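[1] sequence and computational prediction follow.
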Amino acid sequence: MGTQNRLSQETANLNRRSFLKLSGMLGVGLATGAMIPLTAEAVKFNRNMYKVSRTRLSMGTFVSMTLLHPSRDKAEEAMGAAFDEIDRLSGLMNRFKTATAVGELNREGMLNSPPPEVLGVVRDALSFYRVSKGAFDISVAPIVDLFKERLGSGNKAAPTEAEIKKLLRRVDAGAIVIEGKNIRFRKPGMTITLDGIAKGFIVDRAAEILAGRNIDNFLINAGGDIRTKGERQDRKPWTIAIQDPQKKKHYPDIIHMRNGAIATSGNYEVYFDQEKMFHHIVNPRTGLSPHADASVSVMAPTTMEADALSTSVFVMDPGQGIRFIDSLPRYECLVLSAAGGIKRSRGWKSASI
């Protein structure tokens with residue numbers, strides 16, 4: 001069942017980095033400034049199975065894969081195909097290059113016959129917009145760009161209330177129209193960012209490539225957007241540790257996962273000022289970055305769902321996000337507040353996807 005169909009069904013019912021360690025445990029969240037070498041490794045840990053691991057830079061982060069398969073050659077071939085798909089799709093979704101589909105859409109305000117992957121992601125983004133009652137909004141790009149322009153590259157002038165208010169007039173995912181195979185904006189000056197959903201979609205596509213090549217046991221980690229299938233080499237579930245945003249060298253929680261996904265959104269990932277008052281997540285209603293929470297992790301069947309929902313919950317008021325996830329089937333979340341508190345959805349402790 002497609003994401004849009006799943007979300008439509010759920011709406012009727014209602015009325016989302018550490019290095020992937022070879023031990024199988026990883027932290028959700030990548031420490032700022034961490035230097036991780038590009039790596040590749042193939043280990044035969046018994047007569048019948050290889051573990052093949054590789055880490056590469058892609059999508060502006062480190063992407064790690066670990067595969068288990070009896071044939072080293074087939075595992076490496078499948079991994080290469082998955083990385084190729086990641087590179088292809090990330091090129092399509094890149095909004096900073098004017099020649100891409102998203103770049104053209106932002107420049108022209110309309111896009112005829114875009115690549116089906118772009119059309120599908122935009123359509124799914126609008127589904128999340130509706131289900132989250134506007135919390136997930138891909139049209140916040142003008143404000144994110146304002147933050148970067150005013151505070152990036154050594155600039156220290158914070159955006160004014162008037163500047164933010166002016167750009168808020170362009171923020172409205174409800175003004176994004178899909179007509180057949182075409183996309184257009186109903187408001188002048190609108191632009192979109194797929195940062196809160198595209199990475200999850202791309203990880204899911206990489207997982208489909210691996211599964212289609214008969215890789216039954218793997219873990220993909222793209223900067224905290226994680227997709228798993230099967231088991232580790234010891235026949236135990238993959239172990240995933242939730243990183244502490246305050247970097248106090250402990251894990252607020254650890255989960256075990258066989259087939260599923262988890263993604264984390266946090267203010268420690270991408271921020272534009274030292275105080276983290278302005279970061280890459282923006283409340284589409286206020287034009288400001290939320291500060292109540294430090295990170296939100298969501299478990300879901302797919303990485304795209306986890307990606308978009310973790311962003312949605314991060315934007316919501318404290319407590320509202322937990323209630324939102326509890327109202328949806330098949331999702332769980334963990335919220336780490338800026339004050340150090342921990343909140344879990346009803347099924348988080350027992351959740352084993």
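    Yep, that arrived.

[2] ramachandran angles for Lys187?
    Backbone torsions of Lys187, given as degrees, to the nearest 10, read phi -110, psi 140.

[3] where does the nearest residue to it once chain neighbours are set aside land on pLDDT?
    Excluding its sequence neighbours, the residue lying closest to Lys187 (CB to CB, 6 or more residues apart in numbering) is Ala175, at 4.7 Å. C-betas here are computed from N, CA, C, even on glycine. According to the predicted model, the pLDDT of Ala175 comes to 98.

[4] separation between Ala175 and Gly80?
    Remark: distance between Ala175 and Gly80 (CB to CB, to the nearest Å) = 41 Å.

[5] Pro252 now?
    Pro252 is 35 Å from Gly80, by CB to CB.

[6] neighbour count winner among these two?
    Set Pro252 next to Gly80 and count neighbours by other CB atoms under 10 Å: Pro252 wins out with 18 against 12.

[7] what does the pLDDT read for the more buried one?
    pLDDT, Pro252: 84.

[8] got it, and the one 10 residues further on?
    For Ile262, the pLDDT comes out at 96.

[9] quick one: the strands in the stretch 1-150 of the chain?
    Secondary structure of the stretch 1-150 of the chain (DSSP state E, counting those that start in this stretch): strands located at 25-28, 39-46, 49-58, 61-69, 110-111.

[10] and the contacts of the shortest one?
    Applying CB atoms under 8 Å, 6 or more residues apart in numbering, the set of residues contacting strand 110-111 from outside is 101, 104-105, 118, 182-185.

[11] quick check: Lys199 touching Asp307?
    Yes. With contact taken as CB atoms under 8 Å, Lys199 and Asp307 are classed as touching, separated by 6.1 Å.

[12] compare those two (neighbour count), which wins?
    Asp307 (33 against 28).

[13] follow-up on the earlier one: which stretch in the strands of the stretch 1-150 of the chain has the least confidence?
    Here the lowest mean pLDDT among the strands of the stretch 1-150 of the chain goes to strand 25-28, at a mean of 43.

[14] quick one: contacts for Phe136?
    Contacts of Phe136 by CB under 8 Å, 6+ apart are 125, 128-129, 173, 196-197, 308-309, 311-312, 315.
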